[in-house]
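1. Structure for the following, please:
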Amino acid sequence: METIKQQAIQCMQEGRYADAVSFLVKLEKDEIKDWTLYYALGQCYRFSGQLTLAHQFLETAKQINRLNAEIAYAYAEVCELMMYHEEAIRAYEDVISLHSNRVAAYNKIGLIYARMDNLDEAMVWFQRAMKQISILENAGITMSDESYLQALKTKMELDYVFPHAKPEDTMDLPVIKAVIMNSIGVCHFQQDNHDEAKKYFKKSIALLPYDTVFDDPKVYLIKMDGMFRHDMY
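-> Down below sits the predicted model:
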């Protein structure tokens, strides 16, 4: 049984999620009803593109262990990918209730409301994210430190590693702040508040390290430059 688990872990570490599933289902058949097993199966199905099964197993893991923010976050992401907007919002709210420093969850809720064309509610959540960032900054907490502790705790509990699981809150605080600034800019842009949009896009760019691969705010500025035929920089 331990050998099967180790084989599954090796497959996951190598990104061979379909192979990992073949080992994990053997553990499930042996009636090892453990939330870590359902979580691992859910993530493997997710990263192999089988979202319906991912949703099923992550929901079961969440029901077994309602106090783990990592399960709730993974479940929320799958709901979001499946366009289950209301369910995703509730799941991200669960994440926040368990771990209020997960700024990415605030941003995710805002993005979902924006996709639902509820820009006012989206802006509320983006502003909540910015408020939480201010609290973290004033407390001297960096997002990378907080994420490291959470990831370490989860790894100790699970023994499972997912190379493709890279949520936004693994970023340093200035980078996630830039992401949210860009989200606010997009909201203003969609509301035709172009001066405010330009201001937030510029703020977003200013926060990004040179080696960061996140060009959304720059793309929007270029788009606006093309629309209004004047220099945005």
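2. Do I have it right that residue 57 meets residue 45?
-> Yes - Residue 57 lies in contact with residue 45 (CB atoms under 8 Å); the separation is 6.4 Å. Backbone N, C-alpha and C define where each C-beta goes, glycine included.
3. quick one: the strands in the chain?
-> Along the chain, counting by DSSP state E, no stretch forms strands.
4. Show me which helix runs longest in it.
-> The longest helix of the chain (DSSP state H) is helix 119-139.
5. In contact with residue 82, which residues?
-> By CB atoms under 8 Å, 6 or more residues apart in numbering, residue 82 lies in contact with 51-52, 55.
6. Point to the helix or strand of this protein where mean pLDDT is at its lowest.
-> Taking mean pLDDT, DSSP states H and E as the measure, the chain has helix 143-158 as its least confident helix or strand, at a mean of 51.
7. Give me the distance between the closest residue to residue 11 other than its chain neighbours and residue 44.
-> Leaving aside its sequence neighbours, residue 11 sits nearest to residue 20 (CB to CB, 6 or more residues apart in numbering; 3.7 Å). As defined by CB to CB, to the nearest Å, residue 20 lies at a distance of 5 Å from residue 44.
8. joint contacts of the two?
-> Jointly contacting residue 20 and residue 44 under the rule CB under 8 Å, 6+ apart are residue 12.
9. and the residue nearest to residue 121 when sequence neighbours are not counted, how far is that from residue 218?
-> Using CB to CB, 6+ apart and skipping residues adjacent in sequence, the residue nearest residue 121 is residue 113, 4.4 Å away. Distance, residue 113 to residue 218, using CB to CB: 24 Å.
10. So between the two, which is more surrounded?
-> residue 113 (21 against 17; other CB atoms under 10 Å).
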